[in-house]
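*Asks:* show me how the following folds:
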Amino acid sequence: MNIILFDDPQIRPSLLPFTFTRSVAAIRIGIFTIEEKWRIKFGATTSYLTEAYLSGKFAPDYTEDNYYINSCLIPDQALVDIIKKLKTGSALVYGDLLLAVRSADEMSVQNILSLPFVKQTIDSPPFYLKNNWDIFALNGKEIRNDFNYFKTFHTSASITDPYTRVYGMENVFIEEGADIKAAIINAENGPVYIGKHTQIQEGCLIRGPFALCEGSTVNMGAKLRGDNTIGPYCKVGGELIPIPQI
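*Replies:* A predicted model of the protein is given here:
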């Protein structure tokens, strides 16, 4: 599938300030960004269709068969299966929300939203971002969904530090190059993902769901209480608490 992730002008402003500098699909929720979920988890070829001033970095890549997908959508297998069955010249909608269009043409966002495509509807609400607080309120759920990908298709490294205590080791996935020292990790109530070349320093207390992305560091004595994602090449310390899930 060649997927072009378009930014819906009705939703993009609700996700500011994050979308000042990126496409909606470049927002990270769970372990992956939305674009990475389509590309890594579902094997699609992906590009973006967004504001003109962002097009130097987030540009579309057209082919003779394009799936234009609303970039606020967070994919799961059921949704992907429905979109794959769309015929050329047809659209998938939920209520007033345009989810996807299949077309051989090179289109702008205005074309996608206004042209009279043959519409197919779904009854079940899709999982998508509507407001910027959804990124945080839905994060724990998406950590769980993304974690299943790693457990299914990859093999976890081991914790070699004798002073690190883990509860629920079956819910912990560790990438190669992670450095963990004298930490307590509790994954009994949610999975914990520890990315490549990360560092968890002495005295850290971590509760799942939790994701530490590539190259990031949790400083000494930090308390991470769940539903937290630390993006690539970041440092965090102190205490992070979750907000209520939707």
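
*Asks:* tell me the buried residues in the longest helix belonging to the chain?
*Replies:* For the chain, the longest helix by residue count, based on DSSP state H, is helix 139-153. Neighbour counts over helix 139-153 (16 or more other Cβ atoms under 10 Å) mark 139-147, 149-150 as buried. Heads up, the C-betas are built off the backbone N, CA and C, glycines and all.

*Asks:* of those, which is the nearest to Ser216?
*Replies:* Ranked by distance to Ser216 (Cβ to Cβ), the buried residues of helix 139-153 are led by Ile143 at 14.7 Å.

*Asks:* tell me how far the longest helix of the chain lies from the chain's centre.
*Replies:* Centre-to-centre, helix 139-153 and its host chain are 10 Å apart (Cα atoms, centre = their mean, to the nearest Å).

*Asks:* neighbouring strands of the next helix or strand after it in the sheet, and parallel or not?
*Replies:* Downstream of helix 139-153, the next assigned helix or strand under DSSP states H and E is strand 165-167. Using DSSP bridges, the strands paired with strand 165-167 are strand 184-186 (parallel).

*Asks:* tell me the phi and psi of Leu79?
*Replies:* phi -70, psi -40 (degrees, to the nearest 10).

*Asks:* err, Tyr94, not the other one
*Replies:* The phi/psi pair for Tyr94 (degrees, to the nearest 10) reads phi -130, psi 110.

*Asks:* count the neighbours of Asp105 for me.
*Replies:* Asp105 has 14 neighbours, counted by other Cβ atoms under 10 Å.

*Asks:* where along this protein do the helices fall?
*Replies:* Going by DSSP H, the chain shows helices at 34-36, 77-84, 109-114, 134-137, 139-153.

*Asks:* could you tell me the average pLDDT over the first one, please?
*Replies:* Put plainly, it is helix 34-36. If you average the pLDDT over helix 34-36, you get 98.

*Asks:* switch to numbering from 346
*Replies:* With the count now opening at 346, the last piece we talked about shows up as helix 379-381.

*Asks:* which residues are in contact with Gln455?
*Replies:* By Cβ atoms under 8 Å, 6 or more residues apart in numbering, the contact set of Gln455 is empty.

*Asks:* kindly report the same for Thr391.
*Replies:* Thr391 makes contacts with 348-350, 370, 380, 383-384, as judged by Cβ under 8 Å, 6+ apart.

*Asks:* could you redo the last one with a cut-off of 10 Å?
*Replies:* 346-350, 370, 379-385, 406, 412, 414, 416 (Cβ atoms under 10 Å, 6 or more residues apart in numbering).

*Asks:* stretch 534-544: which residues count as buried?
*Replies:* Buried positions in stretch 534-544, judged by neighbour count with 16+ other Cβ under 10 Å: 535-541, 543-544.

*Asks:* sorry, back to before: what's the longest helix of the chain packed up against?
*Replies:* Here helix 484-498 touches strand 517-519, strand 537-539, strand 555-557, strand 573-575, going by 3 or more Cβ pairs under 10 Å, 6 or more residues apart in numbering; DSSP states H and E.

*Asks:* the third one pairs with which strands?
*Replies:* Sheet pairing of strand 555-557 (DSSP bridges) gives strand 537-539 (parallel), strand 573-575 (parallel).
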